[in-house]
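Trainee: Any chance you could fold what I've pasted below:
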Amino acid sequence: MNVKTRVKIRLIIEALAFLLAGGLLCFDTLFVLTRSSPNLGVLLPMILGLPLVVIGLTLPLIKKLCKKRRAARALMLALSIAYLAFALLFSVTTALILKNSSMPEDGADALIVLGGGIRGTSPTLTLKYRLDAAYDYLERNPDTTAVVSGGKGPDEAVSEASVMYEYLVRRGIAKERILVEDASTSTKENFEFSQRLIESELGEGKRTVFVTTRFHVFRSERTAKRIGLEAEGVPAKGVWYLVPNDYLRECLAIVGYFLMGRL
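Mentor: Residues are numbered from 1 along each chain as shown. Reported below is the predicted structural model:
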(Lines give C-alpha, C1' and ligand atoms only; values in the text may rest on other atoms or scores of the structure.)
Protein backbone atom coordinates (compact mmCIF):
# COMPACT_ATOMS: atom_id res chain seq x y z
CA MET A 1 0.00 0.00 0.00
CA ASN A 2 1.53 3.29 -1.08
CA VAL A 3 1.63 6.51 0.94
CA LYS A 4 -1.17 8.17 -1.03
CA THR A 5 -3.54 5.25 -0.38
CA ARG A 6 -2.73 5.22 3.33
CA VAL A 7 -3.41 8.96 3.56
CA LYS A 8 -6.73 8.51 1.78
CA ILE A 9 -7.79 5.67 4.10
CA ARG A 10 -6.81 7.70 7.18
CA LEU A 11 -8.83 10.62 5.86
CA ILE A 12 -11.88 8.40 5.39
CA ILE A 13 -11.53 6.97 8.90
CA GLU A 14 -11.22 10.45 10.41
CA ALA A 15 -14.26 11.69 8.49
CA LEU A 16 -16.32 8.68 9.59
CA ALA A 17 -15.28 9.26 13.22
CA PHE A 18 -16.50 12.87 13.06
CA LEU A 19 -19.73 11.81 11.36
CA LEU A 20 -20.37 9.04 13.89
CA ALA A 21 -19.74 11.25 16.92
CA GLY A 22 -21.77 14.14 15.54
CA GLY A 23 -24.53 11.88 14.26
CA LEU A 24 -24.97 10.21 17.65
CA LEU A 25 -25.20 13.58 19.39
CA CYS A 26 -27.78 14.85 16.90
CA PHE A 27 -29.76 11.61 17.17
CA ASP A 28 -29.88 12.03 20.95
CA THR A 29 -31.58 15.41 20.59
CA LEU A 30 -34.03 14.18 17.95
CA PHE A 31 -34.90 11.11 20.05
CA VAL A 32 -35.43 13.05 23.27
CA LEU A 33 -37.55 15.67 21.46
CA THR A 34 -40.11 12.92 20.76
CA ARG A 35 -40.48 12.44 24.52
CA SER A 36 -39.71 15.79 26.10
CA SER A 37 -40.16 19.52 25.58
CA PRO A 38 -37.24 21.49 24.09
CA ASN A 39 -34.79 22.96 26.60
CA LEU A 40 -31.05 23.58 26.73
CA GLY A 41 -30.29 20.08 27.97
CA VAL A 42 -32.28 18.52 25.14
CA LEU A 43 -30.78 20.75 22.42
CA LEU A 44 -27.17 20.77 23.65
CA PRO A 45 -26.15 17.43 22.08
CA MET A 46 -27.26 18.69 18.67
CA ILE A 47 -25.46 22.01 19.24
CA LEU A 48 -22.30 20.02 19.92
CA GLY A 49 -22.93 17.48 17.20
CA LEU A 50 -23.74 19.60 14.15
CA PRO A 51 -20.22 21.10 13.80
CA LEU A 52 -18.78 17.57 13.95
CA VAL A 53 -21.13 16.42 11.19
CA VAL A 54 -20.11 19.39 9.03
CA ILE A 55 -16.43 18.65 9.65
CA GLY A 56 -16.94 15.01 8.73
CA LEU A 57 -18.68 15.91 5.48
CA THR A 58 -16.11 18.50 4.43
CA LEU A 59 -12.90 17.12 5.95
CA PRO A 60 -10.92 16.91 2.67
CA LEU A 61 -11.74 20.54 1.88
CA ILE A 62 -10.92 21.62 5.45
CA LYS A 63 -7.51 19.95 5.30
CA LYS A 64 -6.72 21.68 2.01
CA LEU A 65 -7.77 25.05 3.41
CA CYS A 66 -5.69 24.51 6.54
CA LYS A 67 -2.61 23.93 4.39
CA LYS A 68 -3.16 27.12 2.41
CA ARG A 69 -4.86 29.57 4.79
CA ARG A 70 -3.77 30.62 8.24
CA ALA A 71 -7.33 31.65 9.18
CA ALA A 72 -8.62 28.15 8.51
CA ARG A 73 -5.89 26.64 10.73
CA ALA A 74 -6.70 29.13 13.49
CA LEU A 75 -10.41 28.33 13.27
CA MET A 76 -9.82 24.57 13.51
CA LEU A 77 -7.43 25.08 16.42
CA ALA A 78 -9.98 27.24 18.26
CA LEU A 79 -12.70 24.67 17.64
CA SER A 80 -10.47 21.86 18.91
CA ILE A 81 -9.60 23.80 22.05
CA ALA A 82 -13.29 24.58 22.67
CA TYR A 83 -14.28 20.92 22.46
CA LEU A 84 -11.37 19.82 24.65
CA ALA A 85 -12.20 22.48 27.24
CA PHE A 86 -15.84 21.42 27.32
CA ALA A 87 -14.82 17.75 27.63
CA LEU A 88 -12.60 18.66 30.58
CA LEU A 89 -15.32 20.72 32.26
CA PHE A 90 -17.84 17.93 31.71
CA SER A 91 -15.46 15.39 33.28
CA VAL A 92 -14.86 17.60 36.32
CA THR A 93 -18.54 18.43 36.92
CA THR A 94 -19.61 14.81 36.43
CA ALA A 95 -16.98 13.69 38.95
CA LEU A 96 -18.29 16.28 41.45
CA ILE A 97 -21.87 15.10 40.89
CA LEU A 98 -21.02 11.43 41.40
CA LYS A 99 -18.80 12.11 44.42
CA ASN A 100 -21.56 14.08 46.15
CA SER A 101 -24.52 11.80 45.44
CA SER A 102 -24.17 9.14 48.12
CA MET A 103 -27.17 8.25 50.28
CA PRO A 104 -27.31 10.18 53.59
CA GLU A 105 -27.88 8.40 56.87
CA ASP A 106 -31.41 7.63 58.00
CA GLY A 107 -33.05 9.41 60.91
CA ALA A 108 -33.70 12.90 59.53
CA ASP A 109 -36.48 14.94 61.13
CA ALA A 110 -37.62 16.39 57.79
CA LEU A 111 -37.38 15.37 54.15
CA ILE A 112 -37.87 18.03 51.48
CA VAL A 113 -39.00 16.72 48.08
CA LEU A 114 -38.00 19.10 45.29
CA GLY A 115 -40.52 19.51 42.47
CA GLY A 116 -39.71 18.16 39.03
CA GLY A 117 -42.60 19.02 36.74
CA ILE A 118 -46.17 17.83 36.27
CA ARG A 119 -48.45 17.03 33.36
CA GLY A 120 -52.03 17.94 34.18
CA THR A 121 -52.50 16.43 37.63
CA SER A 122 -49.84 13.73 37.28
CA PRO A 123 -46.12 13.89 38.06
CA THR A 124 -43.63 13.66 35.22
CA LEU A 125 -41.45 10.55 35.24
CA THR A 126 -38.62 12.61 36.75
CA LEU A 127 -40.84 13.76 39.60
CA LYS A 128 -42.28 10.26 40.06
CA TYR A 129 -38.77 8.88 40.61
CA ARG A 130 -38.13 11.61 43.20
CA LEU A 131 -41.38 10.78 44.97
CA ASP A 132 -40.55 7.07 44.92
CA ALA A 133 -37.16 7.81 46.51
CA ALA A 134 -38.94 9.95 49.12
CA TYR A 135 -41.43 7.16 49.80
CA ASP A 136 -38.61 4.66 50.37
CA TYR A 137 -36.91 7.02 52.84
CA LEU A 138 -40.17 7.73 54.67
CA GLU A 139 -40.93 4.01 54.92
CA ARG A 140 -37.53 3.39 56.51
CA ASN A 141 -37.96 6.39 58.82
CA PRO A 142 -41.49 6.52 60.25
CA ASP A 143 -40.70 9.59 62.38
CA THR A 144 -39.58 11.72 59.40
CA THR A 145 -41.92 14.46 58.17
CA ALA A 146 -42.09 15.10 54.42
CA VAL A 147 -42.25 18.55 52.86
CA VAL A 148 -43.46 18.51 49.26
CA SER A 149 -42.16 21.68 47.61
CA GLY A 150 -43.21 23.17 44.30
CA GLY A 151 -45.44 26.01 43.17
CA LYS A 152 -47.81 26.38 40.23
CA GLY A 153 -46.21 27.21 36.90
CA PRO A 154 -47.82 29.49 34.29
CA ASP A 155 -48.84 26.49 32.18
CA GLU A 156 -49.94 24.30 35.09
CA ALA A 157 -53.49 23.89 36.39
CA VAL A 158 -52.42 22.96 39.93
CA SER A 159 -49.27 23.27 42.01
CA GLU A 160 -46.55 20.64 41.89
CA ALA A 161 -46.81 20.30 45.67
CA SER A 162 -50.48 19.30 45.49
CA VAL A 163 -49.72 16.58 42.95
CA MET A 164 -46.81 15.36 45.07
CA TYR A 165 -49.00 15.30 48.18
CA GLU A 166 -51.67 13.22 46.47
CA TYR A 167 -49.08 10.79 45.09
CA LEU A 168 -47.53 10.09 48.50
CA VAL A 169 -50.95 9.76 50.16
CA ARG A 170 -52.04 7.27 47.50
CA ARG A 171 -48.92 5.24 48.22
CA GLY A 172 -49.83 5.07 51.89
CA ILE A 173 -47.97 7.91 53.59
CA ALA A 174 -50.18 9.38 56.32
CA LYS A 175 -51.49 12.87 55.56
CA GLU A 176 -50.30 14.22 58.89
CA ARG A 177 -46.71 13.36 57.92
CA ILE A 178 -46.77 15.64 54.87
CA LEU A 179 -46.34 19.42 54.85
CA VAL A 180 -47.22 21.29 51.65
CA GLU A 181 -45.10 24.18 50.34
CA ASP A 182 -46.79 25.37 47.15
CA ALA A 183 -45.36 28.88 46.54
CA SER A 184 -41.79 28.24 45.35
CA THR A 185 -40.69 28.67 41.74
CA SER A 186 -36.96 27.82 42.00
CA THR A 187 -34.63 25.51 43.91
CA LYS A 188 -33.55 28.40 46.15
CA GLU A 189 -37.18 29.14 47.02
CA ASN A 190 -37.84 25.42 47.54
CA PHE A 191 -35.31 25.48 50.35
CA GLU A 192 -36.17 28.92 51.75
CA PHE A 193 -39.91 28.32 51.99
CA SER A 194 -39.57 24.72 53.13
CA GLN A 195 -37.14 25.71 55.88
CA ARG A 196 -39.61 28.29 57.18
CA LEU A 197 -42.38 25.69 57.14
CA ILE A 198 -40.25 23.14 58.97
CA GLU A 199 -39.26 25.66 61.65
CA SER A 200 -42.85 26.81 62.15
CA GLU A 201 -44.29 23.28 62.31
CA LEU A 202 -41.47 21.23 63.83
CA GLY A 203 -39.24 23.81 65.48
CA GLU A 204 -35.70 24.96 64.83
CA GLY A 205 -32.57 22.82 64.66
CA LYS A 206 -34.18 19.86 62.92
CA ARG A 207 -32.00 17.59 60.82
CA THR A 208 -33.13 17.93 57.22
CA VAL A 209 -32.46 16.00 54.02
CA PHE A 210 -33.92 16.49 50.57
CA VAL A 211 -34.76 14.41 47.51
CA THR A 212 -33.82 15.35 43.97
CA THR A 213 -32.50 13.59 40.90
CA ARG A 214 -28.91 12.37 41.27
CA PHE A 215 -27.39 14.88 38.82
CA HIS A 216 -29.00 17.76 40.76
CA VAL A 217 -27.79 16.84 44.28
CA PHE A 218 -24.40 18.60 44.18
CA ARG A 219 -25.73 22.01 43.10
CA SER A 220 -28.81 21.72 45.33
CA GLU A 221 -26.73 21.04 48.45
CA ARG A 222 -24.74 24.19 47.81
CA THR A 223 -27.87 26.21 47.08
CA ALA A 224 -29.30 25.09 50.42
CA LYS A 225 -26.05 25.92 52.22
CA ARG A 226 -26.06 29.47 50.87
CA ILE A 227 -29.35 30.18 52.64
CA GLY A 228 -28.08 28.59 55.86
CA LEU A 229 -29.67 25.16 55.50
CA GLU A 230 -27.34 22.21 56.02
CA ALA A 231 -29.11 19.43 54.15
CA GLU A 232 -27.83 16.31 52.43
CA GLY A 233 -29.39 15.02 49.23
CA VAL A 234 -31.17 11.71 48.77
CA PRO A 235 -30.43 10.87 45.13
CA ALA A 236 -33.29 9.67 42.95
CA LYS A 237 -32.64 7.86 39.69
CA GLY A 238 -32.97 9.76 36.45
CA VAL A 239 -35.01 8.95 33.36
CA TRP A 240 -32.64 6.77 31.30
CA TYR A 241 -32.98 8.62 27.99
CA LEU A 242 -32.51 12.02 29.69
CA VAL A 243 -29.33 11.13 31.60
CA PRO A 244 -26.82 12.46 28.98
CA ASN A 245 -28.87 15.62 28.50
CA ASP A 246 -29.27 16.19 32.24
CA TYR A 247 -25.53 15.87 32.88
CA LEU A 248 -24.61 18.10 29.94
CA ARG A 249 -27.03 20.81 31.08
CA GLU A 250 -25.89 20.46 34.69
CA CYS A 251 -22.29 20.94 33.57
CA LEU A 252 -23.18 24.39 32.21
CA ALA A 253 -25.29 25.17 35.28
CA ILE A 254 -22.46 24.32 37.69
CA VAL A 255 -19.97 26.39 35.69
CA GLY A 256 -22.46 29.28 35.57
CA TYR A 257 -23.11 29.10 39.31
CA PHE A 258 -19.35 29.01 39.97
CA LEU A 259 -18.71 32.07 37.81
CA MET A 260 -21.53 33.97 39.53
CA GLY A 261 -20.23 33.00 42.99
CA ARG A 262 -23.32 30.96 43.83
CA LEU A 263 -21.54 27.70 44.73
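Trainee: Pretty sure residue 212 sits in a strand.
Mentor: Yes - under the criterion used here (DSSP: H, G, I helix; E, B strand; the rest coil), residue 212 sits inside a strand.
Trainee: how close does the residue lying closest to residue 49 once chain neighbours are set aside sit to residue 50?
Mentor: The shortest distance from residue 49 to any non-neighbouring residue, by Cβ to Cβ, 6 or more residues apart in numbering, is to residue 25 (2.9 Å). All C-beta atoms are positioned from the backbone trio N, CA, C, and that covers glycine. Relative to residue 50, residue 25 is positioned 8 Å away (Cβ to Cβ, to the nearest Å).
Trainee: ok, those two, which is more surrounded?
Mentor: Using other Cβ atoms under 10 Å as the criterion, residue 25 and residue 50 rank with residue 25 on top: 21 against 14.
Trainee: Now for residue 120, how many residues are close by?
Mentor: Neighbours of residue 120 (other Cβ under 10 Å): 8.
Trainee: ugh, typo on my part, it should be residue 216
Mentor: Neighbours around residue 216, by other Cβ under 10 Å: 26.
Trainee: correct me, but the residue nearest to residue 49 touches residue 51?
Mentor: No - using Cβ atoms under 8 Å, residue 25 makes no contact with residue 51, being 9.8 Å away.
Trainee: Against residue 132, how distant is residue 217?
Mentor: For residue 217, the distance to residue 132 equals 16 Å [Cβ to Cβ].
Trainee: give me every residue that touches the residue nearest to residue 49.
Mentor: 45, 46, 48, 49, 52 (Cβ atoms under 8 Å, 6 or more residues apart in numbering).
Trainee: what about 7 Å?
Mentor: Neighbouring residues of residue 25 by Cβ atoms under 7 Å, 6 or more residues apart in numbering: 45, 46, 48, 49.
Trainee: where does the third one fall, helix, sheet strand or coil?
Mentor: Assigned state for residue 48: helix (three-state reduction, three-state DSSP).
Trainee: Leaving out chain neighbours, which residue sits closest to it?
Mentor: Leaving aside its sequence neighbours, residue 48 sits nearest to residue 25 (Cβ to Cβ, 6+ apart; 5.3 Å).
Trainee: quick one: the helices in the stretch 1-150 of the chain?
Mentor: 3-33, 40-68, 70-99, 125-140 (DSSP state H, counting those that start in this stretch).
Trainee: Surely residue 73 touches residue 66?
Mentor: Yes - taking contacts as Cβ atoms under 7 Å, residue 73 lies within contact range of residue 66: 4.7 Å.
Trainee: circling back to that earlier point, let me know the closest of the contacts of residue 25 to residue 204.
Mentor: Nearest to residue 204, judged by Cβ to Cβ, of the contacts of residue 25 is residue 45 at 45.1 Å.
Trainee: Pull the contacting residues for residue 197.
Mentor: 147, 179, 181.
Trainee: Please work out how many residues are found near the last one.
Mentor: Which is residue 181. Residue 181: 27 surrounding residues under other Cβ under 10 Å.
Trainee: right, and it touches residue 147 too?
Mentor: Yes - with contacts counted by Cβ under 7 Å, residue 181 reaches residue 147, the gap being 5.7 Å.
Trainee: Now do the shared contacts for the two.
Mentor: Common neighbours of residue 181 and residue 147, counting by Cβ under 7 Å, 6+ apart, are 194, 197.
Trainee: Doesn't residue 228 lie inside a strand?
Mentor: No - counting by three-state DSSP, residue 228 is not part of a strand but coil.
Trainee: which residue sits closest to it, ignoring its sequence neighbours?
Mentor: Nearest residue to residue 228, sequence neighbours excluded (Cβ to Cβ, 6+ apart): residue 195, at 7.9 Å.
Trainee: Report pLDDT for the one you found.
Mentor: Per-residue pLDDT puts residue 195 at 97.
Trainee: hang on, it packs against residue 225?
Mentor: No - using Cβ under 7 Å, residue 195 is not in contact with residue 225; the gap is 11.8 Å.
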